[in-house]
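>>> any chance you could fold what I've pasted below:
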Amino acid sequence: MAGPTTAERGERQHPDSGPPRPRLPGRMPGPRALVALIVCPVLLAAGAVWVLYGSQWTKVERVSASGTRVLAPARVVEAAGIAAGSPLISVDTDEIEARLLRELPRIDSVDVSRSWPHGIRLKVTERTPVLVAENRGSTGIGEGAGAPENYEKGGKYVEVDAEGVRYATVSRPPQGVPRLELNVSRSAGLRRFGTDRLVREAVRVARSLPAAAARAARVVEVRSYDSIALELSGGRTVDWGSGEKGRDKAHTLTALMKAAPGARHFDVSVPTAPASSGS
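This next block holds a predicted model:
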């Protein structure tokens, strides 16, 4: 059988009978389209900046404080010093936090947050007193060394928190908070440890007390670094010793109080050799 003729082979190779050509890329955008592509994002960014900084839609109109127990919320708001009408985005929350901690020592921590579109929220955590002492000015527990720079003064009693910080004075001692008595002579021990260290040791003891003793504690007396005693309700007393081995001493005191409920004196200064006496 004869093969295809020359004409037939030419027809098969004709461009019209071959596969479709690939399409060329689309046309480049014109000058107007390019300008629009550049200008639109710029206008959007400028508008966003104006909304955040220049418009009335995101200005500070209200500042609220929450979490306070002793401090008045209005006082916290005033101390924050946030100007009404300021752009909300420009409020420096870290600076406000530092200012509140500096101006109001009763505040232990504060969270400053924006509440869009017009508010600032101040969530406050106040210090909690662990001990309270008579305010004796610079010669005692009160306004001497160790008090905050802007220590709240003027009351009869000084509140001491869990870190040993003397942060405020009050006219009446808080209910259920033991009184701190620092009965240390002007000895080498006082010069060695200092008032602040002894106050922290008293706090350490108060925080180590077992629940029953903590509820009954009336006085934490510091005679020296190694001699801290407690007065409980009902005229009972406890020799605690130093603030060391607080967990062992707490377990021992709990066992003694259960074993001798009528005892008037407990000695746990050496927790492995405790003693109780009186009835």
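
>>> give the contact list for residue 237.
Taking Cβ atoms under 8 Å, 6 or more residues apart in numbering as the definition of contact, the neighbours of residue 237 are 229, 230, 231, 264, 265, 266. C-betas here are computed from N, CA, C, even on glycine.

>>> how close does it sit to residue 163?
Counting by Cβ to Cβ, to the nearest Å, the gap from residue 237 to residue 163 is 27 Å.

>>> ok, back up a step: could you export the contacts of residue 237 as TSV, including pLDDT, secondary structure and neighbour count?
As requested, the contacts of residue 237 are arranged in TSV below (pLDDT from 0 to 100; DSSP: H, G, I helix; E, B strand; the rest coil; neighbours: other Cβ atoms under 10 Å):
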residue	pLDDT	secondary structure	neighbour count
229	97	strand	20
230	98	strand	24
231	98	strand	18
264	96	coil	14
265	97	strand	15
266	97	strand	24
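
>>> closest to residue 127 among those?
Proximity of the contacts of residue 237 to residue 127 (Cβ to Cβ) peaks at residue 230, which lies at 22.8 Å.

>>> test my guess that that closest one contacts residue 221.
Yes - applying Cβ atoms under 8 Å, one finds residue 230 in contact with residue 221, separated by 7.3 Å.

>>> what does the model give the closest residue to residue 263 other than its chain neighbours for pLDDT?
Leaving aside its sequence neighbours, residue 263 sits nearest to residue 276 (Cβ to Cβ, 6 or more residues apart in numbering; 4.0 Å). Taken from the predicted model, the pLDDT recorded for residue 276 is 95.

>>> OK, contacts around residue 276?
The contact partners of residue 276, taken as Cβ under 8 Å, 6+ apart, are 256, 259, 260, 263, 265, 266, 267.

>>> next step: those residues restricted to helices.
Among the contacts of residue 276, the residues falling in helices (DSSP state H) are 256, 259.

>>> now the contacts of residue 276 in a markdown table, please, with extra columns for distance to residue 215.
Supplementary listing: the contacts of residue 276 in a markdown table, determined by distance: Cβ to Cβ, whole Å:
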| residue | distance to residue 215 |
| --- | --- |
| 256 | 16 |
| 259 | 19 |
| 260 | 18 |
| 263 | 17 |
| 265 | 19 |
| 266 | 15 |
| 267 | 20 |
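
>>> most surrounded residue in the contacts of residue 276?
Scoring these on neighbours with other Cβ atoms under 10 Å, the highest-scoring entry is residue 266 at 24 neighbours.

>>> what's across from the closest residue to residue 198 other than its chain neighbours in the sheet?
Leaving out its chain neighbours, the residue that sits closest to residue 198 by Cβ to Cβ, 6+ apart is residue 222, at 5.1 Å. With DSSP bridges as the criterion, residue 222 is bridged to residue 182, residue 228.

>>> now do the helices in the protein.
Under DSSP H, the chain gives helices at 6-12, 31-49, 73-80, 93-103, 188-208, 211-216, 246-259.

>>> quick one: which of the contacts of residue 276 is nearest residue 76?
When the contacts of residue 276 are compared against residue 76 (criterion: Cβ to Cβ), the nearest one is residue 266, at 43.4 Å.
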